[in-house]
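In: got a predicted structure plus its sequence, pasted below:
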Amino acid sequence: MAELEGLQGLRGLRGLQGLRGRVALVTGAGRLRGIGRAAAVALARLGADVAISGTGRDPATFPEDEKAIGWRDVDSVAEQIRGCGRRALPLVFDVADRDQVNAAVDRIIAELGRVDILINNAAIARGEDRTPVETLDPDLFQRVVDVKVRGTFLCTQAVIRHIYRQDEGGK
């Protein structure tokens, strides 16, 4: 499919068609070379409006190639989505914080009208968690669990409530 050209890692999206009128939330979508960015742009190319979340990290911490092109985390991804003719809503929130997650999903509903698709992609990419277990800092391990497990749960819980209210999702 032409819509997915250049997104070889997302072959599973080839079966999705006709996403016009649908709204997706993709967490962890602020990295230039990230899976979240690729998924968000692919969904937009397939017709979905897309809310994207990132950490709002300081551009001074970006890799040199991202700095060189003026990469701006979720704001840059939002520009790519809009370039596909779709609406984009860039958000910065902590997926492990229930209040922030609920506020973000409420904002998606307020600004984009609904939510139909969730891609839980948020992670921490610090590198220091890639150490032998006997030397891994317990606080860092807890943050990994908070983002990857609790964050996935909280985002799914917040989104599914709205999907049920739309009376289009299963239970």
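Out: Ah, there it is.

In: what residue ranges in this protein score low on pLDDT?
Out: Applying pLDDT under 70 to the chain picks out residues 1-17, 125-126, 128, 169-171.

In: the helices in it, which residues?
Out: Counting by DSSP state H, one finds helices in the chain at the ranges 35-45, 64-68, 74-83, 98-112, 138-145, 151-165.

In: of these, which stretch is the most buried?
Out: helix 35-45 (a mean of 25; mean count of other Cβ atoms under 10 Å). For glycine as for every other residue, the C-beta is placed from the backbone atoms N, C-alpha and C.

In: just checking, what packs against that helix?
Out: Counting contacts by 3 or more Cβ pairs under 8 Å, 6 or more residues apart in numbering; DSSP states H and E, helix 35-45 is packed against strand 23-26, strand 49-54, helix 74-83, strand 117-119.

In: now render these as JSON lines, adding distance to Gln157.
Out: Converted to JSON lines, the helices and strands packed on helix 35-45 look like this (distance: least, Cβ to Cβ, whole Å):
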{"stretch": "strand 23-26", "distance to Gln157": "13"}
{"stretch": "strand 49-54", "distance to Gln157": "15"}
{"stretch": "helix 74-83", "distance to Gln157": "22"}
{"stretch": "strand 117-119", "distance to Gln157": "10"}
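
In: tell me which of those lies nearest to Ile163.
Out: Ile163 lies closest to strand 117-119 among the helices and strands packed on helix 35-45, at 8.5 Å (Cβ to Cβ).

In: please name every helix or strand in contact with that closest one.
Out: Counting by 3+ Cβ pairs under 8 Å, 6+ apart, strand 117-119 packs on strand 23-26, helix 35-45, helix 151-165.

In: okay if I get these as CSV plus distance to Lys67?
Out: CSV is the format used below for the helices and strands packed on strand 117-119 (distance: least, Cβ to Cβ, whole Å):
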stretch, distance to Lys67
strand 23-26, 23
helix 35-45, 17
helix 151-165, 27
